[in-house]
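>>> take a look and give me a structure for this.
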Amino acid sequence: MKTTHSDASAVMSGSSAASAASAASAAPAATASVLAEVPAPYGALGTLAELADRVTGVVLVPGDDGYEAERAGFQSGHVHRPSVIVGADTAADVVAAVRYARTNGLPVSVQSTGHGLSAASDGGVLVSMCRMDEVRVDAEARTVWAGAGALWADVIEEAAPHGLAPVNGSSPGVGVVGYTLGGGLGILGREFGYASDRVRLVEVVTADGVLRWVTPERDAVLFRALLGGGHGLGVVTGLEFGLVPVERVYGGQLVFGADLMDEALAAYLAWTEDLPDALTSSVGLIAYPDVPAVPGRLRGRHLAQVRIAYTGPVAEGERLVAPLRAVGPRVADTLRDMPYTASHTIHQDPETPHAYDGDSVLLSGLDAAELREVTALTGPDAPMMTVVQLNHLGGALAAGGGSVGHRDARYLLRLLSPLDGTDVAAVRALHARVRATLAHRAVGRSVNFLFGDHGDAVADAYEEDVYRRLTAAKAAYDPENLFRA
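Alright, predicted model coming up:
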């Protein structure tokens, strides 16, 4: 990771901030979002040799050393198979990749970094962003610039010495940009909203091969569309966003076994009826298989894991969780005061790449009987392992701008199943059964938790008017459908 600190409130990757500022101030209002137009001769990139000559990163085709490693990601169940990979070092490399693809009539896909991929592409150009991992903190302004290859772990590490934190997800290995473009539901969400709510500037290469700095003032339509609906509108090379004054949290897990699962889940639902916004929580339901790969203390057990992050005083946190502890003995109780740099231990997400497919449903409400149906469908008697996570929403998540859909939802239910040795169709059939039991509560899906190609299901992530607006933005900024999301 390349990390630097800057006194500037924004840092532009691969170009001059001073030149960009000058261009922005001089540009007519209608074109003020165009901040780094590449000279016309640069547009003639018709051959691989011309592309490779312009790119400072790498250009790879099938059979080249490094091709397989470059296209691989955390998601091993759905893997890109591009005709050309551009491993970008700079925003100018991304411009070159887009112009090459446009000249040759090839579709463009992006693998930012982290958990990344939702749907695999075949053929075309894959822009790999893992090298663009700059993180620059402006402590005075409480902002950070993160390149498209940066992980949340990078931002947390750089922000912590200043008593600041990002509104990140549960896993430090998730990529900043991909997560944020889908909205970004984090462990501090009820207090600070979605990650996309804190974005101030987006650096993006659009389908015309132009590098733009997009803000609400420079291009309100594109800015709003990118934040929550940004996949498929361009190649985002970096973001500037606000940090929050959080140095520590009271957090961890309360884990209940199968003997107390029904009681624990009923208590959790009742508990979420009256909580301060400073407390964000979720509950994970996992039926661990009885196989040697699973640690002995978990093997063969069906567990409910209540995950908690609270930014208030420890004593108040202890008081707030008392109703959950009153359910009965816990398999584990890891609640404690911790520095924010240890917040990844709350969820303990897996760090090893693996194959999986997943779906989600946003809910207007949920009762204990309905949640028991979910546990019956996904528990030890299910045809395949399915990890369920129920996120408590509301608070600051219900407000904000951008294109995040269904902010009025009360809960998000997420479904994820490993694919190793399991048929995708069978996984989706089970997930569909779970969704069907909750159809009367469903208000939509979450775009960040659609793993695999779910086609038209993406429309469920937005209200009708928001989806029409996103469709219009796609038609305006990428009329030839160069970017495939």
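>>> switch to C-alpha atoms for all contacts and neighbour counts from now on
Noted.
>>> name the nearest residue to residue 395, sequence neighbours excluded.
Of all residues beyond its chain neighbours, the one nearest residue 395 is residue 190 (4.6 Å), with distances taken as Cα to Cα, 6 or more residues apart in numbering.
>>> check the offset of the host helix or strand of that neighbour from the chain's centre.
When elements are assigned from DSSP states H and E, residue 190 belongs to helix 189-192. With Cα atoms, centre = their mean, to the nearest Å as the basis, helix 189-192 stands 16 Å off its chain's centre.
>>> go on, stretch 388-406?
On Cα atoms, centre = their mean, the centre of stretch 388-406 falls 13 Å from that of its chain.
>>> buried stuff in that stretch?
In terms of neighbour count (16 or more other Cα atoms under 10 Å), stretch 388-406 has its buried residues at 388-398, 401-406.
>>> for stretch 278-293, same thing?
Buried-residue list, stretch 278-293, by 16+ other Cα under 10 Å: 278-289.
>>> what's the farthest-apart pair in those residues?
Comparing every pair within the buried residues of stretch 278-293 by Cα to Cα identifies 278 and 289 as the most remote, at 35.0 Å.
>>> neighbours around residue 462, how many?
Residue 462 is flanked by 23 other residues according to other Cα atoms under 10 Å.
>>> just give the nearest non-adjacent residue to the most centrally placed residue in the chain, would you?
Nearest to the mean C-alpha position of the chain, by Cα atoms, centre = their mean, lies residue 179 at 2.0 Å. Closest residue in space to residue 179, ignoring its immediate chain neighbours: residue 448 at 6.8 Å, by Cα to Cα, 6+ apart.
>>> secondary structure class for the one you found?
For residue 448, the assignment made with DSSP: H, G, I helix; E, B strand; the rest coil gives helix.
>>> hmm, back to that, ok, the residue nearest to residue 395 touching residue 397?
Yes. Judged on Cα atoms under 8 Å, residue 190 makes contact with residue 397 at a distance of 5.6 Å.
>>> count the neighbours of the residue nearest to residue 179 for me.
22.
>>> what is the burial count for residue 302?
By other Cα under 10 Å, neighbour count at residue 302 equals 20.
>>> what of the one 4 residues further on?
Applying the criterion other Cα under 10 Å, we find 25 residues in the vicinity of residue 306.
>>> confirm it sits in a helix?
No. Read with three-state DSSP, residue 306 is strand and lies in no helix.
>>> what mean pLDDT does stretch 392-401 get?
On average, the pLDDT along stretch 392-401 is 94.
>>> got it, and stretch 364-379?
96.
>>> residues touching that stretch, excluding its own?
Defining contact as Cα atoms under 8 Å, 6 or more residues apart in numbering, one finds that stretch 364-379 is touched by 262, 265-266, 269, 285-287, 302, 382, 384-388, 408-411, 430, 434, 437-438, 441-443.
>>> how about the helix holding residue 190: buried residues?
Buried residues in helix 189-192, counted by 16+ other Cα under 10 Å: 189-192.
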